[in-house]
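In: Output the structure for:
(one chain, ligands or ions: 1)
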Amino acid sequence: MELSERQVKIVQIVKDRGPITGEQIADLLNLTRATLRPDLAILTMSGILEARPRVGYYYNSRSGNTLVARAIGKLRVKDIKSLAIVVRESASVYDAVVTMFTEDVGTLSVVDGEGYLVGIVSRKDLLKIAIGGGDVQKMPIGMVMTRMPNIVTITPDDTVYLAARRLISHQIDALPVVRTYVMPNGEERLEVVGRLTKTNITRLFVELGDGEN
Ligand code: ADP
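Out: Numbering: from 1, shown residues only. Modelled structure (predicted):
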């Protein structure tokens, strides 16, 4: 939530002198109580200030956290995701390494001939092959990837909070953002429509901190 200049002043006064009455805040700002009423209403409704009858306004020190919690609980994966970077499962390990360099990513989604998700490959998966001495030109990426159904995914309408929780709980760097298609035979296939990485979360973290730091 973006506070107006006057609302920021009010919060500062309440932080410094609270509990303080609306009357006293108005005096300090050389304004009338009536002028301040809408600002005080916004600040109490958003949880930044608390009001107690006959005591006055005081600052809710947990409100900073509450506002961040609300922001990440409301933002959707589709608001912050990056483009999908995919390779075919028939592509070689060599091709996958080249794609990681050219696209500047650390995780690739692997798709079948029809473009549906079949696996995921990370930097360490490729390093394993490199130290194992395999023929990276010949070996298909399908042999080294982590495969379905063990892929942790997220959908565009899930919250950013859920995505961050999945990254942490599964100790991975990226989630394919997927849409589910049900085939005529009832089988479910996943189309990759993006990727959600720790970088997206870090960028959001910086945006939430902008202006305050
Ligand atoms: P790094 O290779 O840099 O450690 P990760 O921590 O993301 O990257 O990957 C660790 C392992 O988890 C790899 O074997 C990778 O294939 C697998 N992995 C990565 N992302 C996912 C995902 N979304 N779902 C399931 N497994 C994944």
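In: what pLDDT does the residue nearest the centre of the chain get?
Out: Nearest to the geometric centre of the chain sits residue 160, at 3.7 Å (Cα atoms, centre = their mean). As predicted, residue 160 sits at a pLDDT of 94.
In: What spatial separation is found between it and residue 185?
Out: Applying Cβ to Cβ, to the nearest Å, the value for residue 160 to residue 185 is 34 Å. The way it works is simple: take the backbone N, C-alpha and C, and place the C-beta from them, glycine included.
In: Helices of the chain, residue ranges please.
Out: Secondary structure of the chain, counting by DSSP state H: helices at 5-17, 22-28, 33-45, 63-74, 77-80, 93-103, 123-132, 160-169, 198-209.
In: wait, which of these is closest to residue 152?
Out: Set against residue 152 and scored by Cβ to Cβ, the helices of the chain come closest in helix 160-169, at 5.6 Å.
In: what's in contact with that closest one?
Out: The contact list for helix 160-169 (Cβ atoms under 8 Å, 6 or more residues apart in numbering) reads 72-73, 75-77, 79-80, 152, 154, 172-175, 196, 198, 201, 204.
In: Can you list the buried residues in it?
Out: 160, 162, 163, 164, 166, 167 (16 or more other Cβ atoms under 10 Å).
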